[in-house]
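# the amino acid sequence is not available; the structure is as follows:
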């Protein structure tokens with residue numbers, strides 16, 4: 001059984017991690033936008049050239065890397081195997097369950 005203080009601590013930690021993840025993702029989007037705006041014009045008619053321009057720009061790649069790193073690391077911490085939301089999401093992914101959740 002989980003004590004009430006553990007639940008409030010876990011909830012507080014989850015909120016802090018979610019807030020930090022949101023801030024990091026927004027900063028990454030801003031950096032990525034600024035980096036793309038500084039690049040020469042990209043064209044849908046030349047997709048390989050556009051991809052090459054983006055993938056060789058270090059500032060755009062750093063922002064993309066930050067965005068990718070901010071999202072999964074937080075969700076991994078939030079979805080610990082002991083949280084009720086993790087168990088509920090596991091049941092939802094496996095389909096409908098008519099039996100009560102196991103503790």
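Okay, I see it. Just so you know, these numbers come straight off a predicted model, no measurement behind them.
# sort out which residues of stretch 58-65 are buried, please.
By neighbour count with 16 or more other Cβ atoms under 10 Å, stretch 58-65 contains the buried residues 60, 63-64. The C-beta positions use only the backbone N, C-alpha and C, and glycine is treated the same way.
# which ones among these lie within helices?
Within the buried residues of stretch 58-65, residues falling in helices by DSSP state H are 60, 63-64.
# low-confidence stretches in the chain?
Applying pLDDT under 70 to the chain flags the ranges 1-7, 72-103.
# what's the longest helix in it?
Among the elements of the chain assigned as helix by DSSP H, the one spanning the most residues is helix 4-38.
# and what about residue 42, helix, strand or coil?
Judged by DSSP: H, G, I helix; E, B strand; the rest coil, the three-state class of residue 42 is coil.
# and it, how close does it get to residue 48?
Distance, residue 42 to residue 48, by Cβ to Cβ, to the nearest Å: 11 Å.
# compare those two and say which one has the larger neighbour count.
residue 42 (13 against 7; other Cβ atoms under 10 Å).
# which residue is the nearest non-sequential neighbour of that one?
Take residue 42 and drop its neighbours on the chain: the residue closest to it by Cβ to Cβ, 6 or more residues apart in numbering is residue 50, 4.1 Å away.
# from residue 61, how far out is that neighbour?
Residue 50 is 14 Å from residue 61, by Cβ to Cβ.
# cool, and residue 42?
15 Å.
# and what of residue 68?
Distance from residue 68 to residue 61, by Cβ to Cβ: 10 Å.
# same deal with residue 24?
Residue 24 is 16 Å from residue 61, by Cβ to Cβ.
# please list all residues in contact with residue 35.
By Cβ atoms under 8 Å, 6 or more residues apart in numbering, the contact set of residue 35 is 57, 59-60, 63.
# can you redo these as TSV with distance to residue 35?
Output for the contacts of residue 35, formatted as TSV (distance: Cβ to Cβ, whole Å):
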residue	distance to residue 35
57	6
59	4
60	4
63	6
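# tell me which two of those sit farthest apart.
57 and 63 (9.6 Å; Cβ to Cβ).
# distance of residue 27 from residue 69?
From residue 27 to residue 69 the distance is 12 Å (Cβ to Cβ).
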